[in-house]
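Chemist: sequence unavailable; structure follows:
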């Protein structure tokens, strides 16, 4: 009878605890006798790891040691040293990202908690962080209605149901939607800037005088104050600049009569890492989600961003940091920018 399951040979850099837990289940599933467990373990580690064990037990050989001795030596040598207080500091500061789903946030909370050695307080700490880590919003307010004794499984179910209900609302059908907005200008006794339509600033130094109108395509004013007839039925809401803030907008399709046009994509390179990003000539900054950074660019250390971002609905977003992209390619052109 063939053995049940397969164990990938351990090599340095793998999670040694997961390896030992799996090999223990392998022994049980295949009724491996205690007298054969040492030999089986030594066959399931690569040559480099075996040489490390051999040097640790010199002048004895690993085959002459007990399974418990080998297991302890593997954990001692290959388990990374962890500062649990540092892990707990990261856990306490964790906040759910805007683009993170409820289920992904729950998984991340449990993964972080597992590294903190909370012991018998594990489930309570997970429950507290899962609820308090939500940003202010309808899901957070709904969870706050529940008693402290509510089980984490029930809280998760409530959050998932609320998230599903919000996503099914008609106004959320389109992921990328531009709202048609009309703003009325002040009466004739108030002098308004011809570039942005706002009062109370130096019109000659208005930062929007170099912007390209989204309505007529001309440079020198925003669509908000455009006097030309629009060539299409889309308008873009430009928001008033505030001190220390950079406006970021999401372009959406809200007019059904407009044919969809695939976005232009550019290839961004950081070292040997590559990422395709959508090109937006009117964007104030180039952004990626925290999850994308962790999955692709986590090897690159971030620098302080020193700014805050404001979405089209006025919500303030604090970037984790910034990083120089040394080569962005579009057609035959290359450029370096901050991400």
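Modeler: Yep, it's here. This one's a predicted model, so the numbers in the text were calculated from it and none came from an experiment. Residues are numbered from 1 along each chain as shown.

Chemist: residue 125 - how many residues pack around it?
Modeler: Around residue 125 there are 18 other residues, counting by other Cβ atoms under 10 Å. Just so you know, the C-beta spots here come from the backbone N, C-alpha and C atoms, and that holds for glycine as well.

Chemist: so it is in which element?
Modeler: helix 122-132 (DSSP states H and E).

Chemist: tell me the gap between whatever helix or strand comes next after that helix and the middle of its chain.
Modeler: Following helix 122-132 in sequence order, the next helix or strand is helix 138-143 (DSSP H and E). Mean-position distance between helix 138-143 and its chain equals 21 Å (Cα atoms, centre = their mean, to the nearest Å).

Chemist: right, and the helix or strand after helix 138-143?
Modeler: Downstream of helix 138-143, the next assigned helix or strand under DSSP H and E is helix 152-167.

Chemist: got the buried residues for that next one?
Modeler: Buried residues in helix 152-167, counted by 16 or more other Cβ atoms under 10 Å: 152, 155-156, 158-159, 162-163.

Chemist: the helix holding residue 125: which residues count as buried?
Modeler: Result for helix 122-132 [16+ other Cβ under 10 Å]: buried residues 125-127, 129-131.

Chemist: what angle do that helix and helix 152-167 make?
Modeler: Calculated by axes from the mean of the first three to the mean of the last three Cα atoms, to 10 degrees, helix 122-132 forms an angle of 20 degrees with helix 152-167.

Chemist: and the helices in the stretch 1-150 of the chain?
Modeler: According to DSSP state H, counting those that start in this stretch, the stretch 1-150 of the chain carries its helices in the segments 16-29, 34-43, 47-57, 67-78, 84-93, 102-114, 122-132, 138-143.

Chemist: buried stuff in the shortest one?
Modeler: Pointing back at helix 138-143 there. Buried, per 16+ other Cβ under 10 Å, within helix 138-143: 139-140, 142-143.

Chemist: again, but for stretch 44-53
Modeler: Here stretch 44-53 shows 44-45, 49, 52-53 as buried, counting by 16+ other Cβ under 10 Å.

Chemist: is it fair to say residue 335 lies in a strand?
Modeler: Yes. Counting by DSSP: H, G, I helix; E, B strand; the rest coil, residue 335 falls inside a strand.

Chemist: how close does residue 199 get to residue 193?
Modeler: To residue 193, residue 199 is 7 Å away according to Cβ to Cβ, to the nearest Å.

Chemist: closest one to residue 265 out of the buried residues of helix 122-132, please.
Modeler: Among the buried residues of helix 122-132, residue 130 lies closest to residue 265 (Cβ to Cβ), at 35.7 Å.

Chemist: neighbour-wise, which of residue 199 and residue 193 wins?
Modeler: Using other Cβ under 10 Å, the more surrounded residue of residue 199 and residue 193 is residue 193, with 19 against 12.

Chemist: next up, the contacts around the more buried one.
Modeler: Residues in contact with residue 193 (Cβ atoms under 8 Å, 6 or more residues apart in numbering) are 199, 201, 203, 206, 208, 225.

Chemist: and the spatially closest residue to residue 39 that is not a sequence neighbour, how many neighbours?
Modeler: Once flanking residues are discounted, residue 39 sits nearest to residue 63: 7.0 Å by Cβ to Cβ, 6 or more residues apart in numbering. Residue 63 is flanked by 11 other residues according to other Cβ under 10 Å.

Chemist: what's the distance between residue 63 and residue 37?
Modeler: According to Cβ to Cβ, residue 63 and residue 37 sit 12 Å apart.

Chemist: so which of the buried residues of helix 138-143 is the closest to residue 292?
Modeler: Closest to residue 292, out of all of the buried residues of helix 138-143 and judged by Cβ to Cβ, is residue 139, at 22.6 Å.

Chemist: go ahead and confirm the closest one touches residue 159.
Modeler: Yes. Residue 139 lies in contact with residue 159 (Cβ atoms under 8 Å); the separation is 5.5 Å.

Chemist: identify the contacts common to these two.
Modeler: Joint contacts of residue 139 and residue 159 (Cβ under 8 Å, 6+ apart) are residue 102.

Chemist: tell me which residue lies farthest from the centre of this structure.
Modeler: Residue farthest from the centre of the chain, counting by Cα atoms, centre = their mean, is residue 59 at 49.5 Å.
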